[in-house]
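Q: predicted model, plus sequence, below.
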Amino acid sequence: MWRYLIPLAILLVLIGFFWRGLSLDPSEVPSPLVGREAPAFALPSLHEPDRLVTNLDLAGEVTLFNVWGTWCPGCHEEHDELMRLAEEEGVRIVGLNLRDDRETAIQWLSQVGNPFEQSGFDGDGRVAIDWGVYGAPETFVLDHRGQIRHKHIGPITHQDIDNTLLPLIRGLEQEARE
Amino acid sequence: MAAELGQIALILALLICLAQAWFGLAGAARRRLDWMQALPSVVVGQLVFTTLAYLALTYAFITHDFSIAYVANNSNTDLPLIYRLTAVWGAHEGSLLLWSMLMAVWTLAAVWFSRNLPQVFTSRAIGILGVISAGFILFTLLTSNPFERLFPIPEQGRDLNPILQDPAMIIHPPMLYLGYLGLAIPFAFAVSSLIGLESNTTWARWTRPWATMAWVCLTLGIALGSWWAYYELGWGGWWFWDPVENASFMPWLVATALIHSLAVTEKRGAFRNWTVLLAISAFALALLGAFLVRSGVLVSVHAFATDPTRGVYILIFLASVVGGSLALYAWRAPHMPPGGGFRLVSRESFLLLNNLLLVVATAAVLLGTLYPLFLDAMGLGKISVGPPYFNAVFVPLMLPLMFFLGFGPYARWKRDQATELGSRMWPLMVAAVVFGVGGTLILGGAAGVMVLLGVVLGLWAIFSVFMEPFLRWRKRGWRGISGMPASIWGMLTAHAGVGLMALGVAGVTTFAVERDLRMVPGDSYEVAGYEFYFEGVRDRVGPNWDSVQGRFVVTRNGREVTSMYPENRVYRARPDPLAQIALHPRLRRDLYVAMGDYLGNDAWSVRIHYMPMVRFIWLGALVMGLGGVIAVLDRRYRLVSRRREQESERAARAAGGASV
């Protein structure tokens, strides 16, 4: 009578794979930029259009480079976590404000808090293309030499910070001191 | 306010579904007549409250209530009313709300048309449908609430995804959802028959019209999706073997096998367990499709908002519903009475072959779709499986299927003589080969073996359809034809549809021409004998978009054929431009012009396609769907239910007498 159990067995195997698949991210293509210098750019600052934000602003200490926009629900979702990183953990975050409206963006930050040391204003998304950004939010971790060490796709969650980002950042800071 | 009302209505609908599940399943198990009799009103309640929730969301879209996150993300004050109405199912959350409502519609239909079937059997089935509906509504409430508020309230919405602002998108999703959910009814009937160990031939008869209707909806839904992708995505393809397309195609393949296997089970009692398994698998694959599309385990061009918690929920739901029914199968199926036997050459054999080929094809598509996931899960790297794999495994399975399709209807049940069958069918075979090979070489030019096979078998499928009316006419004249039952008409029509589709596929894959060009106004280019002259561009302004429209004058042998106006549109609320292609459709061929990016110096990137016979693909699907509808109208199903009516009345009187 075991043959009547075959369909159930097939289903169980499939479900095992699906369960495993849920914790994997198929869109997580390893970024070719990891291990390289940050792509060069010079953008007007979001808050002061006369000032430039460039790739040189990313070097010097361990920095998060966060791609965001007010139009992006994932960015709203991760905002609290960015605030926590900036205010409680003292991590420097530089923003890339992608395809946004300048005033809306400034207004939103003044309402919910600004975790960014500064943000570059990338109105037409050219810089985002150089950085290989698929969509917002995406976050790059750079070491003190300005090299990209890690790329995170999608909203940052509490677990991401505790399990991946903070250990990585602390490690890189250690590296910088040595 | 509407949001809160909708939310409450949805919660009430959930409670009603739970009551439906309890009254149905427990009522049948304990033979509680009063519980079972309450079911129709409970189902009406389910429909009323899911519809209320749906209307509440629709109202929010009409009144631009951007305090609801879903509305803010999928609408805009400039969005025309018709697209605000369809935007309700433009993304994940609203789609689920539509699911819940359509599920209630199907359930009510099942209650209404099954009122003459044995009450215990239907009550169990309705109870199972209640479990499924409750699962969907709970999913909506827990992981994808369409009524969630947004704060601060945005001034303006993000607008409906532009590629969904299209007439075909108005009916494609509801049609497809009707198909998916319709498969729940054969599933519920199959599980009910497993529990009750019903005599299976009657079970098969009750299930057939439902399986066919769900299949019709799936057929039309998939065809609409393919048609939409063809003219909206601007790539000129009609099928991409994308995971989301495969997710709808797999249930369709199994449903096709199911409607054929049900025929054998009903008429001859054979394949009983197999039919039950197919009914379970068809619905399981529909659920699997929902899982694949909405959990984000696979990458797809259809960018649905994906979320792992949704994936976890659907997976648990899938495991319990399908796992439960397969466990039930393992327990009950050995006790099913055996079916009738048959010889090697018989209609049963042809239908068995049909089933095997379709199931193997499903397995091949499933394997290709999940292969990237399997490798990733075992840490063997990331790959993607593309059309070359699918075409290589799928086409060789479909060709023999079409060959047998021509014979199936003319083989006798139980046993037939191969020579006799051959002698009946050979003139058609010869005609298909002569017309197929000759026609292709004369009209299309040199072609490969696979294409010739495709054309010949397509014609064979169409020609074979005329055999049945011809045989009847020879026997009894015109009365023979007019007396042909609707189920046969339907079957023949659907088979002709398969043939038409095969012709279209063979034609367009072989003889289509595609050119990517850089054109400045004044340029002209010849494609497949048509001269495309690029006259110039002008600006246009729509309700929620701006566009640049090109004008192309098409001539053939110096005579003007048409003018075509492709556009490059930018929807104001979204950053990326979208090509609106221009089509000049004819049954014989489509001309297709897409205007891409501006290249500077007045030059535009332009793509021109010449697509011969592409219309046959959707025409074939339409004819197949029509065949299904005709088959469902067969008198037999109604006669049976009238006979049942008398029986069940007698049974009810007897049961009532016993309980008094």
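A: Yep, it's here. Numbers count the residues shown, from 1 in each chain, chains lettered A, B, ... in the order given.

Q: strands of chain B, start to end?
A: For chain B, the strands defined by DSSP state E cover B:513-519, B:524-527, B:530-541, B:545-556, B:559-564, B:567-571, B:577-580, B:582-585, B:589-600, B:603-612.

Q: before we move on, what about chain A?
A: Going by DSSP E, chain A shows strands at A:42-44, A:52-54, A:63-68, A:92-98, A:118-122, A:138-142, A:148-153.

Q: nearest to chain B, out of these?
A: strand A:92-98 (9.1 Å; CB to the nearest CB). C-beta coordinates here come from the backbone N, C-alpha and C atoms, glycine included.

Q: got the angle between the closest one and strand A:118-122?
A: Relative orientation of strand A:92-98 and strand A:118-122, computed by axes from the mean of the first three to the mean of the last three CA atoms, to 10 degrees: 20 degrees.

Q: what helices and strands are in contact with strand A:92-98?
A: Packed against strand A:92-98 by the contact rule (3 or more CB pairs under 8 Å, 6 or more residues apart in numbering or on different chains; DSSP states H and E) you find strand A:63-68, helix A:73-87, strand A:118-122, helix A:126-130.

Q: again, 10 Å this time
A: strand A:52-54, strand A:63-68, helix A:73-87, helix A:102-112, strand A:118-122, helix A:126-130, strand A:138-142 (3 or more CB pairs under 10 Å, 6 or more residues apart in numbering or on different chains; DSSP states H and E).

Q: of the ones you listed, give the one that comes closest to residue B:483.
A: helix A:73-87 (61.8 Å; CB to CB).

Q: distance from the chain centre to the closest one, please.
A: 10 Å (CA atoms, centre = their mean, to the nearest Å).

Q: touching chain B at all, that helix?
A: Yes. Residues of helix A:73-87 are located near chain B by CB under 10 Å from any CB of the partner chain, namely A:73, A:74, A:76.

Q: need those in JSON lines with neighbour count, can you?
A: Shown next, in JSON lines, are the residues of helix A:73-87 next to chain B (neighbours: other CB atoms under 10 Å in any protein chain shown):
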{"residue": "A:73", "neighbour count": "16"}
{"residue": "A:74", "neighbour count": "18"}
{"residue": "A:76", "neighbour count": "17"}
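
Q: which residue is nearest the middle of chain A?
A: residue A:139 (1.4 Å; CA atoms, centre = their mean).

Q: pLDDT at it, what is it?
A: pLDDT, residue A:139: 90.

Q: what does the one 4 residues further on give?
A: Per-residue confidence at residue A:143 stands at 90 (pLDDT).

Q: what's the neighbour count on the closest residue to it other than its chain neighbours?
A: In space, and not counting its chain neighbours, residue A:143 is closest to residue A:172: 4.8 Å by CB to CB, 6 or more residues apart in numbering or on different chains. Neighbour count for residue A:172, taken as other CB atoms under 10 Å in any protein chain shown: 21.

Q: who touches residue A:172 in this structure?
A: A:61, A:62, A:63, A:141, A:142, A:143, A:144, A:145, A:147, A:149, A:150 (CB atoms under 10 Å, 6 or more residues apart in numbering or on different chains).

Q: how close does the second one sit to chain B?
A: When you say that, I think you mean residue A:62. From residue A:62 across to chain B, the span is 29 Å (CB to the nearest CB, to the nearest Å).

Q: which ones are touching that residue?
A: So residue A:62 contacts A:91-92, A:141-145, A:149, A:168-176 (CB under 10 Å, 6+ apart).

Q: number of nearby residues for residue 83?
A: The chain I'm using is chain A. 15.

Q: nope, chain B please
A: If you count neighbours by other CB under 10 Å, residue B:83 ends up with 24.

Q: just residue B:87 next, same as before
A: 27.

Q: if I look at it, how far off is chain A?
A: 16 Å.

Q: that residue and residue B:98 touch, don't they?
A: No. Residue B:87 lies out of contact with residue B:98 (CB atoms under 10 Å); the separation is 11.5 Å.

Q: quick revisit: and the strands of chain A, which one is worst for confidence?
A: Among the strands of chain A, strand A:148-153 scores lowest, at a mean of 86.

Q: so, low pLDDT: which residues of chain A?
A: A:1, A:24-31, A:134-135 (pLDDT under 70).

Q: and the helix ranked longest in it, what's buried?
A: Assignment by DSSP state H gives helix A:6-22 as the longest helix of chain A. Within helix A:6-22, the residues scored as buried using 16 or more other CB atoms under 10 Å in any protein chain shown are A:7, A:8, A:11, A:14, A:15, A:17, A:18, A:19, A:20, A:21, A:22.

Q: from chain B, how far off is the fifth one?
A: Separation of residue A:15 from chain B (CB to the nearest CB): 5 Å.

Q: again with the second one
A: Distance of residue A:8 to chain B, given as CB to the nearest CB: 4 Å.

Q: residues contacting that residue?
A: If you count contacts by CB under 10 Å, 6+ apart, residue A:8 has them with B:322, B:323, B:324, B:325, B:326, B:327, B:328, B:329, B:330.

Q: what of the third one?
A: Applying CB under 10 Å, 6+ apart to residue A:11 gives the contacts B:280, B:281, B:284, B:288, B:318, B:319, B:322, B:323, B:325, B:326, B:327.

Q: in space, what's closest to the fifth one - neighbours in sequence excluded?
A: Yep, that's residue B:318 we're talking about. residue B:287 (4.8 Å).

Q: contacts only, for the one you found.
A: Contact analysis of residue B:287 by CB under 10 Å, 6+ apart lists B:132, B:135-136, B:180, B:183-184, B:187, B:251, B:314-315, B:317-319, B:321-322.

Q: got the residues of the stretch 51-200 of chain B near chain A?
A: B:69, B:72, B:73, B:150, B:152, B:154, B:155, B:156, B:158.

Q: try 8 Å this time
A: Selection of the stretch 51-200 of chain B residues close to chain A by CB under 8 Å from any CB of the partner chain yields B:69, B:73, B:152, B:158.

Q: any idea how far residue B:150 is from the last one?
A: Going back to what we said before, that points to residue B:158. According to CB to CB, to the nearest Å, residue B:158 stands 11 Å off from residue B:150.

Q: in chain B, which residue is most central in space?
A: Chain B, centroid-nearest residue using CA atoms, centre = their mean: residue B:218 at 2.0 Å.
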